[in-house]
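> 3D model of this:
(one chain, ligands or ions: 2)
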Amino acid sequence: MELINDEYYMRLALQLASSASGQTGINPAVGCVIVKDGRIVGMGAHLKRGEAHAEVHALNMAGAEAEGATAYVTLEPCSHHGRTPPCSDRLIRERVKRVVVAATDPNPLVAGSGLERLRAHGLEVTQGVLEGEANLLNEAFNKFIVTRRPFVTVKTASTLDGKIAAKTGDSKWITNDASRSFVHTLRHRHLAILTGIGTVLADDPALTTRLSVPGLNPMRVVVDSALRIPPDAQLVRDGAAPTVVLTTDRAPEARRRELEARGVTVIDCGPGPAVDLYAAMAKLGELEIGSLLVEGGGKLNGALLAARLVDKLVLFLAPKIIGGGALAPGSMDFAGFERMGEAIRLERMSVQSFGEDLCITGYPQYA
Ligand code: AOF
Ligand code: ZN
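Ligands and ions are numbered 1, 2, ... in the order given. A predicted model of the protein is given here:
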């Protein structure tokens with residue numbers, strides 16, 4: 001019976017956490033529910049980096065009811081003094097009896113010490129309840145906090161024959177309204193969007209979050225080895241979110257100064273001829289970009305895959321076949337392998353439907 005109750009309240013805590021996913025910056029999305037004698041006495045979610053953690057909101061709501069209660073938290077309560085004091089100390093101080101945790105916190109400053117502290121003070125600790133779901137919610141945080149490099153998700157929208165445009169270049173629209181609206185939800189959940197200069201020159205995109213609620217705008221990042229981005233591009237002009245351009249030593253100095261004067265951050269990523277994508281990821285990590293949604297063309301997708309930098313693929317497939325041979329661009333353009341046995345394999349595959357479109361999600365495994 002207890003197990004069923006634990007899953008029920010943890011699911012609630014996960015819902016609270018996921019409602020704030022996308023607005024906590026590089027911090028994880030965390031939810032907390034406090035239960036006493038069969039009733040919920042406190043609920044909370046971490047809403048913004050620098051502000052109270054989930055447990056603090058929930059304990060504030062519970063007040064004196066926290067004594068003897070069970071706290072359900074989707075992430076191991078912290079044990080460090082960060083921007084806020086340790087949550088494990090607060091749970092101890094409020095005399096909470098039992099703490100149920102979904103996932104442990106991979107942050108090297110925490111990493112099991114939060115649970116240890118609770119146990120050392122006599123609190124009963126249960127861990128691993130809905131752990132897989134909790135880890136999925138914070139997959140970007142889990143990577144970034146240990147590697148300081150962004151979790152990279154490549155999103156594509158293609159026809160069933162893998163084309164992202166017709167042979168004329170026409171691409172509006174491949175997928176349906178429901179798919180495109182979900183892409184805006186994905187944008188909200190990422191700290192930055194990455195695209196290539198080819199896409200900027202062809203489409204002049206805004207890369208903002210417009211079709212979904214909630215809708216925070218991620219930072220925009222452009223891979224542009226020769227700094228060809230026009231100073232009147234939407235990404236430079238609109239001020240909707242910061243724009244970063246990744247370039248090389250080939251960048252003309254005057255253009256760099258002009259872009260910087262317009263508020264664009266220009267980052268040098270190697271001598272060229274192409275942007276060193278591996279180095280670029282470390283630089284984006286330094287800017288605290290913990291999650292990156294790639295919305296570019298086949299070349300950028302292919303280069304990232306070939307460099308083994310892609311953590312996750314989200315592939316929208318429209319029920320259409322456009323043909324066009326080599327004139328119609330494909331979604332993953334790279335030199336490729338000679339043998340099927342060398343192919344990049346995806347794991348943990350799942351499929352969602354958006355009307356008649358399919359959305360396939362998987363995680364590349366690099367041998
Ligand atoms: C929790 N509950 O709700 C969250 C936690 O800079 P700070 O003080 O906000 O600390 C950030 C770190 O705290 C973050 O990297 C992660 O390890 C943990 N986040 N912990 O107990 C929460 N958001
Ligand atoms: Zn905390």
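> need the residues of the stretch 51-200 of the chain near ligand 1, please.
Contacts of the stretch 51-200 of the chain with ligand 1, taken as Cβ under 6 Å from any ligand atom, map to 53-55, 75, 77-78, 82-84, 87, 105, 107, 110, 145. Glycine gets a C-beta too; all of them are placed from N, C-alpha and C.
> change it to 8 Å
Residues of the stretch 51-200 of the chain found near ligand 1 (Cβ under 8 Å from any ligand atom) are 51-56, 73, 75-78, 80-88, 105-107, 109-110, 114, 141, 145.
> Only whichever of the residues you listed are buried, select them in PyMOL.
In PyMOL, a selection of the buried entries from these looks like this (16 or more other Cβ atoms under 10 Å):
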select buried, resi 52+53+54+55+56+73+75+76+77+78+80+84+86+87+88+105+106+107+110+114+141+145
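> In strands, which of the residues of the stretch 51-200 of the chain next to ligand 1 appear?
V73, L75 (DSSP state E).
> The residues of the stretch 51-200 of the chain next to ligand 1: which ones sit near ligand 2?
Filtering these for proximity to ligand 2 by Cβ under 5 Å from the ion leaves H53, C78, C87.
> ok, and the closest non-adjacent residue to the residue of the stretch 201-350 of the chain found nearest ligand 1?
Nearest residue of the stretch 201-350 of the chain to ligand 1: G290, at 9.9 Å (Cβ to the nearest ligand atom). Excluding its sequence neighbours, the residue lying closest to G290 (Cβ to Cβ, 6 or more residues apart in numbering) is F144, at 3.7 Å.
> rewinding a little: with the ones next to ligand 2 among the residues of the stretch 51-200 of the chain next to ligand 1 in mind, which one is nearest to K167?
Closest to K167 out of these is H53 (53.1 Å), distances taken as Cβ to Cβ.
> OK, contacts around the closest one?
Applying Cβ atoms under 8 Å, 6 or more residues apart in numbering to H53 gives the contacts V30, H46, P77, C78, T84, C87.
> could those go into a markdown table alongside pLDDT?
Output for these, formatted as a markdown table (pLDDT from 0 to 100):
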| residue | pLDDT |
| --- | --- |
| V30 | 98 |
| H46 | 98 |
| P77 | 97 |
| C78 | 96 |
| T84 | 87 |
| C87 | 97 |
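> can I get these in a markdown table with distance to T265?
Shown next, in a markdown table, are the contacts of H53 (distance: Cβ to Cβ, whole Å):
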| residue | distance to T265 |
| --- | --- |
| V30 | 30 |
| H46 | 28 |
| P77 | 36 |
| C78 | 31 |
| T84 | 29 |
| C87 | 34 |
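> Give me the subset of those residues lying in helices.
Judged by DSSP state H, helices contain the following of those: C87.
> Of the contacts of H53, just say which sits nearest to K312.
If you rank the contacts of H53 by distance to K312 using Cβ to Cβ, V30 comes first, at 21.1 Å.
> so how many other residues sit close to that closest one?
Residues near V30, counting by other Cβ atoms under 10 Å, number 33.
> now the helices for the stretch 251-367 of the chain?
253-261, 277-286, 298-306 (DSSP state H, counting those that start in this stretch).
> Hmm, I typed the wrong one, I wanted the stretch 51-200 of the chain.
Going by DSSP H, counting those that start in this stretch, the stretch 51-200 of the chain shows helices at 54-62, 87-93, 113-120, 131-137, 139-147, 177-188, 197-203.
> Would you pull up the residue in this protein closest to ligand 1?
G82 (2.6 Å).
> Identify the residues contacting that residue.
Residues in contact with G82 (Cβ under 8 Å, 6+ apart) are L109.
> tell me the pLDDT at it?
pLDDT, G82: 87.
> And for the longest helix seen in the chain, what's in contact with it?
In the chain, with assignment by DSSP H, the single longest helix is helix 2-19. Applying Cβ under 8 Å, 6+ apart, the contact partners of helix 2-19 are 29-33, 35, 40, 43-46, 54, 70, 72-75, 100, 102, 126, 129-130, 133-134, 137.
> quick one: low-confidence parts of the protein?
Residue ranges of the chain with pLDDT under 70: 1.
> circling back to that earlier point, the residue of the stretch 201-350 of the chain closest to ligand 1: neighbouring residues, count only.
Per other Cβ under 10 Å, the neighbour tally for G290 reads 26.
> That one contacts E139, correct?
No. Counting by Cβ atoms under 8 Å, G290 sits too far from E139 to count as a contact (10.5 Å).
> Ligand 2 contacts on this protein?
Going by Cβ under 5 Å from the ion, the residues of the chain near ligand 2 are H53, C78, C87.
> ok, the residue of the stretch 201-350 of the chain at minimum distance from ligand 2 - contacts?
Using Cβ to the ion, the single residue of the stretch 201-350 of the chain nearest to ligand 2 is G290, 17.5 Å away. When contacts are counted by Cβ under 8 Å, 6+ apart, G290 touches G25, I26, A140, F141, K143, F144, I145, P150, F151, L191.
> Pull up the gap between it and R345, please.
26 Å (Cβ to Cβ, to the nearest Å).
> next one: G323
From G323 to R345 the distance is 27 Å (Cβ to Cβ).
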